[in-house]
Every structure is written in C-alpha cells, then in structure tokens.
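Engineer: just to be clear, the model below is a prediction. Sequence and coordinates:
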Amino acid sequence: MPEDVPDRTIGGCRRANSTVCSFQFDDPCDDGVRCPVTTVQDFAMDDRFAEDVADQLNQTYAIIPFLVVAKWNRKKIDFNREMNEATFNHLEAIKSYRSYHDYLEEAIATIERKFHGQGLLLDVHQHAQGNYTMVGTLLTGAQLNHDKLSPTSIELLIQSSCSQNRSECVQGSKAFGTFLESNELGIAYPSLNNPKPGNKTFYSGGYITKNYISRINAIQAELSYV
C-alpha cells in the first residue's frame, strides 16, 4: 500500500444549500460541513473464509472460483463504494480501485460467456453486531420482517430455481442462509429457521451487490467476528 495515500477519516464535504457530499482528499471544506464515511476495517478472517470456500469448492467439486481480495485498509480506500467516495479522488487510490473492479468485471464476463450469467458474486465482510451472519440481497431488515421479498440481487437465481415461490430462494429451503446453517456455520438471517432479523442490525448489501446484479447473482455476506 503506498504510504502517501491520505486517510478517508476526514470525511467528505457538503456545501451550504446542498444535499450532496463531494469527496476530495485535499478539500479543506472551509465553506461546508463534513460528511462521515465508513472506515471500520474488516478483519482478516473474512479473507481466510473466502480462501477456505475456494479450497473446499476445488476439493469437493473440482471447481476453481475467481477470488478477488481487497488488501487495502478501509481508511484509505473502500472498494464497496462508488469511486469518488471510495478513493477521495486520490490518483493512487483510483488506480487500485479500478484494478479491483476490473478483476471483478473480468470474472463476471467469463461467467457470462461460459454459463450465461448463472453464477454467484459473493462479497464477504465482517461485522460486530452480534453472533449471526447477515445474507444481504438488497432486502432490508424491515422488508424481510414484513415478507416484502422483491426486488433482490439474486433475481437470476430466483427465475431459474424458485420461479413459483421466491421465498424459497430468499428465506426458505434453497436460501443461502439455510445452506450456511445446514453446514453448521452458525445462525444466518434470512434462512429457513431464521427468516426474519426482527430488531437486529441487518445490512442489505452495498455498492458491489448493487452494481453487478444486471449480469450476475450477488450476495453480501456479513460474517460475525463476535
């Protein structure tokens, strides 16, 4: 990681009479107020989890998935945000950001070509909100609690596997959370046994999940490190 990339902890800037924040690493924001940004660092365990999943897929099914790992500290760059907020328009950060997303684009293009987009982009993070996994498909906790199950980031999967009952793929027997629980990987929301997060903190998915769903199924998996 280059030493001269400034921290993003300073935040963005919202000028007077504006509802929009701008993000520039050298902006003193003398004529506005700061907009906070997320800089909490994911722990390294999520890297190991992704690598373990890749190894198990290879050993069990002879499948070698694409694996793209972000090594930068989130204080410097956040790959799960749009580029301006992610990099504060610093040239070195922009270069790394584009490289990361170019790898994702290359992987998705290969899956489109070979499997007509029938793949899964799994964006793995960690959280400290409780001892449970959040399976984010762009549905909020409130939507899950009230059985409002569309639209999602796994519509291609729902069309092919749960066209008669989308709940099966979101919070039923075919849900990703159910798969995690059936393999003794802890409590997951939503799942067959835990379909609704109730009043628990629940992250529905970020930029990566939203940005690529026209081409591939996408899930943001928030693992617990509590």
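Structural biologist: Happy to help now that I have it. Numbering: from 1, shown residues only.
Engineer: so residue 208 makes contact with residue 219?
Structural biologist: No: applying Cβ atoms under 8 Å as the test, residue 208 and residue 219 come out as separate, 10.1 Å apart. (C-beta placed from N, C-alpha, C; glycine too.)
Engineer: mutual contacts of these two, please.
Structural biologist: Counting by Cβ atoms under 8 Å, 6 or more residues apart in numbering, the residues touching both residue 208 and residue 219 are 121, 123.
Engineer: centre of the chain to stretch 184-194, how far?
Structural biologist: Between the centre of stretch 184-194 and the centre of its chain there are 18 Å (Cα atoms, centre = their mean, to the nearest Å).
Engineer: pLDDT of the longest helix along the chain, averaged?
Structural biologist: Using DSSP state H, we find that the single longest helix of the chain is helix 91-115. Computed over helix 91-115, the mean pLDDT rounds to 95.
Engineer: which other helices and strands does the lowest-mean-pLDDT helix or strand in the chain contact?
Structural biologist: The weakest-scoring helix or strand in the chain, judged by mean pLDDT, DSSP states H and E, is helix 45-61 (a mean of 82). Where contact means 3 or more Cβ pairs under 8 Å, 6 or more residues apart in numbering; DSSP states H and E, helix 45-61 is packed against strand 120-127, strand 217-224.
Engineer: and the helix or strand just after that helix, what does it pack against?
Structural biologist: As assigned by DSSP states H and E, the chain's next helix or strand after helix 45-61 is helix 83-87. Here helix 83-87 touches helix 91-115, going by 3+ Cβ pairs under 8 Å, 6+ apart.
Engineer: what angle sits between the helix it packs on and strand 120-127?
Structural biologist: For helix 91-115 against strand 120-127, the angle by axes from the mean of the first three to the mean of the last three Cα atoms, to 10 degrees is 140 degrees.
Engineer: how far out from the middle of the chain is the least confident helix or strand of the chain?
Structural biologist: Helix 45-61 sits 17 Å away from the centroid of its parent chain (Cα atoms, centre = their mean).
Engineer: please save the CA atoms from it in PDB.
Structural biologist: C-alpha atoms of helix 45-61 as PDB (Å, rounded to 0.1, in the frame of the first residue of the first chain):
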ATOM      1  CA  MET A  45     -10.700 -13.600   9.000                       C
ATOM      2  CA  ASP A  46     -13.100 -12.800   6.000                       C
ATOM      3  CA  ASP A  47     -10.100 -13.300   3.700                       C
ATOM      4  CA  ARG A  48      -9.400 -16.700   5.200                       C
ATOM      5  CA  PHE A  49     -13.100 -17.600   4.900                       C
ATOM      6  CA  ALA A  50     -13.100 -16.700   1.200                       C
ATOM      7  CA  GLU A  51      -9.900 -18.700   0.600                       C
ATOM      8  CA  ASP A  52     -11.300 -21.700   2.600                       C
ATOM      9  CA  VAL A  53     -14.500 -21.600   0.500                       C
ATOM     10  CA  ALA A  54     -12.400 -21.600  -2.700                       C
ATOM     11  CA  ASP A  55     -10.300 -24.500  -1.400                       C
ATOM     12  CA  GLN A  56     -13.400 -26.600  -0.500                       C
ATOM     13  CA  LEU A  57     -15.100 -26.000  -3.800                       C
ATOM     14  CA  ASN A  58     -11.900 -27.100  -5.500                       C
ATOM     15  CA  GLN A  59     -11.500 -30.200  -3.400                       C
ATOM     16  CA  THR A  60     -15.200 -31.300  -3.400                       C
ATOM     17  CA  TYR A  61     -16.400 -30.300  -6.900                       C
END
